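1. Next comes the sequence, and after it the predicted model I'd like to discuss.
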Amino acid sequence: TRSTRPQRMLKAVQKNATKGNPESVISAIDYFCKNSEWAMNVGDEKGSILDSVVTEVNPSTVLELGTYCGYSTVRIARLLSPGTKLITLEFNPAYAAVARQIIAYAGLQDKVTLVEGPSSELIPQIKERFGITTFDFIFLDHWKDRYLPDIKLFEECGLLRKGSVLLADNVICPGTPEYLEYVRNSPHYESRYYPAHLEYTKVEDGLEKSVFLG
Ligand SMILES: O=C(NC/C=C/[C@H]1O[C@@H](Sc2ccncc2)[C@H](O)[C@@H]1O)c1cc([N+](=O)[O-])cc(O)c1O
Ligand SMILES: [Mg+2]
């Protein structure tokens, strides 16, 4: 049967990237998406903004919602201080299987814990399963209608502290209007929009950075 797009993306990484070199894995995926098949990775333009926010926060505890093929997982993990790990949640087992191989190809498997399942179920389990008290940095890139319920879940589960940074992809395209309205109007967040474009296109999109104020 025909391969899937994630499987073809993995093949492109294995063919064009250097094992253990995260930069080459990122470049190989971006090249594949620009020249072969578009895919919903955060991409190079928004990825550079992600890099700058991660570098600025220099987090000790990191959560990613929506692993997909692991592109942003690799972008984030390559910037983490030694000994720091990130947890990434993925619902689709086929995507998770490809992501594990791409993360391993980049040599970052020891910095990543990929957990399969829906964020709605996994978020309440995090404290107990992973010994985390609060997250310094959270990247939201999963189902767009889950951004708002999941940020409320973070609050309810006590997973945020004064200064926790949430960075959300696709706040314009496909769009997360309810989430944007919430973080921009809540007295508990200081929010800022980073304009960019939808990965590998000229369509407007951007990232919303929201700092929890307690
Ligand atoms: O739909 C998009 N992203 C949804 C991503 C969803 C990812 O997260 C889990 S769902 C999940 C994971 C964890 N917990 C609950 C659910 C899916 O299996 C997928 O791996 C999207 C779409 C476009 N686009 O242009 O159409 C552009 C983008 O940048 C996007 O991110
Ligand atoms: Mg996205």
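-> That came through, no problem. All of these numbers come straight from a predicted model, not from anything done at the bench. Ligands and ions are numbered 1, 2, ... in the order given.

2. Just want the residue of the protein that's nearest ligand 2.
-> Relative to ligand 2, the nearest point of the chain is Asp169 (3.7 Å; CB to the ion). C-beta coordinates here come from the backbone N, C-alpha and C atoms, glycine included.

3. Now do the helices in the chain.
-> With DSSP state H as the criterion, the chain has helices at 5-16, 22-35, 43-57, 71-77, 93-105, 119-122, 126-130, 147-156, 177-185.

4. tell me the most buried of those?
-> Most buried of the helices of the chain, by mean neighbour count (mean count of other CB atoms under 10 Å): helix 71-77, with a mean of 27.

5. thinking again about what came up before, so can I have JSON lines of the helices of the chain showing distance to ligand 1?
-> Compiled in JSON lines, the helices of the chain are given as follows (distance: least, CB to the nearest ligand atom, whole Å):
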{"stretch": "helix 5-16", "distance to ligand 1": "9"}
{"stretch": "helix 22-35", "distance to ligand 1": "11"}
{"stretch": "helix 43-57", "distance to ligand 1": "8"}
{"stretch": "helix 71-77", "distance to ligand 1": "9"}
{"stretch": "helix 93-105", "distance to ligand 1": "4"}
{"stretch": "helix 119-122", "distance to ligand 1": "3"}
{"stretch": "helix 126-130", "distance to ligand 1": "12"}
{"stretch": "helix 147-156", "distance to ligand 1": "8"}
{"stretch": "helix 177-185", "distance to ligand 1": "13"}
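
6. can I get these in a markdown table with mean pLDDT?
-> Shown next, in a markdown table, are the helices of the chain (pLDDT from 0 to 100):
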| stretch | mean pLDDT |
| --- | --- |
| helix 5-16 | 98 |
| helix 22-35 | 98 |
| helix 43-57 | 98 |
| helix 71-77 | 98 |
| helix 93-105 | 98 |
| helix 119-122 | 97 |
| helix 126-130 | 97 |
| helix 147-156 | 98 |
| helix 177-185 | 98 |
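
7. quick one, which of those helices is nearest to Tyr194?
-> Closest approach to Tyr194 among the helices of the chain is made by helix 43-57 (4.9 Å; CB to CB).

8. That closest one near ligand 2 at all?
-> No: contact between helix 43-57 and ligand 2 is absent, the nearest approach being 7.9 Å (criterion: CB under 5 Å from the ion).

9. Perfect, that will be all.
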